[in-house]
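K.L.:
need a structure here:
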Amino acid sequence: MLDNASMHRSQAFTRKMDDWLIRGVIPRFFPPYCPELNLIEILWRKLKYQWLPMSAYQSLTMLKTSVVEVLENVGSKFLITFK
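P.N.:
Residues are numbered from 1 along each chain as shown. Got it, this is the predicted structure:
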């Protein structure tokens, strides 16, 4: 499954489609806007709105440090649950 990023719609990418089909790989695209189906969108939404402390936005250094800390702890300290 692919999102609709420009690289996934580029000529270089689409030229490879026949090769992939021969190998049994069938690329499928998400609908144009469906963040609920794109796992990275779910991760970024949790990171931005729930897991990053407000203090992370005080400087670029603090933001980088906070983002790295969160990403290193996804799955242990930071969990995504689907209820």
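
K.L.:
rest of the way, CA atoms for contacts and neighbours
P.N.:
Noted.

K.L.:
now for the helix or strand bottoming out on mean pLDDT in the chain, which elements pack on it?
P.N.:
Of the helices and strands making up the chain, the lowest-confidence element is helix 39-46, at a mean of 85, by mean pLDDT, DSSP states H and E. When contacts are defined as 3 or more CA pairs under 8 Å, 6 or more residues apart in numbering; DSSP states H and E, helix 39-46 packs onto no helix or strand at all.

K.L.:
past it, which element shows up next along the chain?
P.N.:
helix 60-72 (DSSP states H and E).

K.L.:
quick one, that following helix and helix 39-46 angle?
P.N.:
120 degrees (axes from the mean of the first three to the mean of the last three CA atoms, to 10 degrees).

K.L.:
flag every buried residue along helix 60-72.
P.N.:
63, 66-67, 70 (16 or more other CA atoms under 10 Å).

K.L.:
among those, which one sits closest to Ile42?
P.N.:
Using CA to CA, Val70 is the member of these that lies nearest Ile42, at 14.0 Å.

K.L.:
need the buried residues of helix 60-72 in JSON lines (columns: distance to Leu2 and pLDDT).
P.N.:
JSON lines is the format used below for those (distance: CA to CA, whole Å; pLDDT from 0 to 100):
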{"residue": "Leu63", "distance to Leu2": "28", "pLDDT": "95"}
{"residue": "Ser66", "distance to Leu2": "28", "pLDDT": "96"}
{"residue": "Val67", "distance to Leu2": "24", "pLDDT": "95"}
{"residue": "Val70", "distance to Leu2": "25", "pLDDT": "95"}
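
K.L.:
mind putting those in CSV, distance to Met17 included?
P.N.:
Output for these, formatted as CSV (distance: CA to CA, whole Å):
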residue, distance to Met17
Leu63, 39
Ser66, 39
Val67, 35
Val70, 36
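
K.L.:
next up, the contacts around Ile26.
P.N.:
Trp20 (CA atoms under 8 Å, 6 or more residues apart in numbering).

K.L.:
so how far is Lys16 from it?
P.N.:
According to CA to CA, to the nearest Å, Ile26 and Lys16 sit 11 Å apart.
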